[in-house]
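Chemist: got a structure for you, letters missing:
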Ligand SMILES: NC(=O)C1=CN([C@@H]2O[C@H](COP(=O)(O)OP(=O)(O)OC[C@H]3O[C@@H](n4cnc5c(N)ncnc54)[C@H](OP(=O)(O)O)[C@@H]3O)[C@@H](O)[C@H]2O)C=CC1
Ligand SMILES: C[C@H]1O[C@H](OP(=O)(O)OP(=O)(O)OC[C@H]2O[C@@H](n3cnc4c(=O)[nH]c(N)nc43)[C@H](O)[C@@H]2O)[C@@H](O)[C@@H](O)C1=O
């Protein structure tokens, strides 16, 4: 269902918009995108200025700022190892942040909120490509079920507030993302930034080998974060439906193919060694994003171009400081 009133967001460039998590990979890309369109009244709070897990602080913030729009890109986020190692943090922090932000947004008169989940909400063996209707049709991937349960609760909370209160809360489910301001932690990050850093450091040291986790056979779909930010702004303007919407590139690669591509872009000349003691995670998670694409959004950045751009960002902004 698409709201017939959709389309007003772009005509309100001075409306107050709270982008939660604005210093992260996704939040920073959304801020860049909003600013490029001329939105001029963004409310931004760092984690130390406003801890979104603290209900009273969140409520006080909304009561005083009264934003018109909210984009929720703050969350406890990490790759397969972080999800597997800190399950309590991933379920508790995410439930707290999203519950506080969604409920206070509703209570204090926010007109529209966009919640971000992740493709890990779907069953481990969902039919591919995965449509929105696959939600809650089978068991989850064990390495990230805690995070997935929190994200599913977020989708359901948005739906429940829409049904009971006719409140405009929508959810976008991005596939695996990458780009400027990613997390390059050696263990806790996602595969793409982890490999950029590992190949780069190996090249600088002159190593003969780089270790890559798992078997290399899992398939993943990657989307540049600037394309995701474009989809978020598009949804704020054009979509007000009950169902969450998938946001993906529609293109998948194996982890082996990805590793070869990162190796080429970084210019590492040694060998790959596979550490099969590390988990593969879900074997495949290609999303069907046709619902969003039929509304008029499309991804623009190829994986190769996005990788070149992200490695350049890494060299200029991260490698020099770490
Ligand atoms: N990265 C990916 O591949 C994907 C991400 N997503 C979704 O996109 C959203 C953003 O992810 P991403 O940008 O990658 O994550 P990041 O870790 O890069 O950014 C998350 C942001 O949230 C902030 N934050 C975390 N906890 C709190 C808190 N208690 N109070 C206030 N701020 C807090 C962080 O601040 P600080 O660092 O200071 O703690 C950070 O700025 C998430 O909902 C995630 O599920 C979905 C699919 C894939
Ligand atoms: C976005 C999504 O991200 C997470 O799921 P994931 O897709 O499995 O994420 P990942 O990027 O960490 O791994 C992808 C694949 O890559 C392999 N792999 C190889 N070498 C490294 C490596 O060095 N680091 C990592 N992290 N993975 C590696 C790794 O073994 C796996 O097979 C969710 O927990 C959840 O956060 C979520 O929603």
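Modeler: Okay, I see it. Given the structure is predicted, the values throughout are model-derived calculations rather than measurements. Ligands and ions are numbered 1, 2, ... in the order given.

Chemist: C-alpha only now, for contacts and for neighbours.
Modeler: Fine.

Chemist: so how many other residues sit close to the residue nearest to residue 138 when sequence neighbours are not counted?
Modeler: Residue nearest to residue 138 in three dimensions, not counting chain neighbours: residue 123, with 5.0 Å by CA to CA, 6 or more residues apart in numbering. Other residues lying near residue 123 total 21 when counted by other CA atoms under 10 Å.

Chemist: check which helix or strand residue 123 maps to.
Modeler: Using DSSP states H and E, residue 123 maps to neither a helix nor a strand.

Chemist: show me what contacts it?
Modeler: By CA atoms under 8 Å, 6 or more residues apart in numbering, the contact list for residue 123 reads 134-141.

Chemist: what's the separation between it and residue 303?
Modeler: Between residue 123 and residue 303 the distance, using CA to CA, to the nearest Å, works out to 25 Å.

Chemist: packing partners for the host helix or strand of residue 71?
Modeler: Mapping residue 71 onto the secondary structure by DSSP H and E places it in strand 69-72. Based on contacts counted as 3 or more CA pairs under 8 Å, 6 or more residues apart in numbering; DSSP states H and E, the elements that strand 69-72 packs against are strand 17-20, helix 87-107, strand 112-116.

Chemist: just put the ones you listed in CSV and tack on mean neighbour count.
Modeler: Compiled in CSV, the helices and strands packed on strand 69-72 are given as follows (neighbours: other CA atoms under 10 Å):
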stretch, mean neighbour count
strand 17-20, 25
helix 87-107, 20
strand 112-116, 23
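
Chemist: residue 232: which of these is closest?
Modeler: Shortest separation from residue 232 across these is recorded for strand 112-116, at 7.8 Å, computed as CA to CA.

Chemist: quick one, that closest one and helix 87-107 angle?
Modeler: 170 degrees (axes from the mean of the first three to the mean of the last three CA atoms, to 10 degrees).

Chemist: give the next helix or strand downstream of strand 112-116.
Modeler: Beyond strand 112-116 on the C-terminal side, the first helix or strand identified by DSSP H and E is helix 145-165.

Chemist: and that following helix, what other elements does it pack with?
Modeler: With contacts defined as 3+ CA pairs under 8 Å, 6+ apart, helix 145-165 has these neighbours: helix 87-107, strand 112-116, strand 168-174.

Chemist: just want the angle from it to strand 112-116.
Modeler: Calculated by the same axes, to 10 degrees, helix 145-165 forms an angle of 160 degrees with strand 112-116.

Chemist: list the buried residues of helix 145-165.
Modeler: Using 16 or more other CA atoms under 10 Å as the burial criterion, the residues of helix 145-165 that qualify are 145-159, 161-162.

Chemist: swap in stretch 289-307?
Modeler: The neighbour-count criterion (16+ other CA under 10 Å) identifies 289-290, 292-293, 297-299, 301, 303, 306-307 as the buried residues of stretch 289-307.
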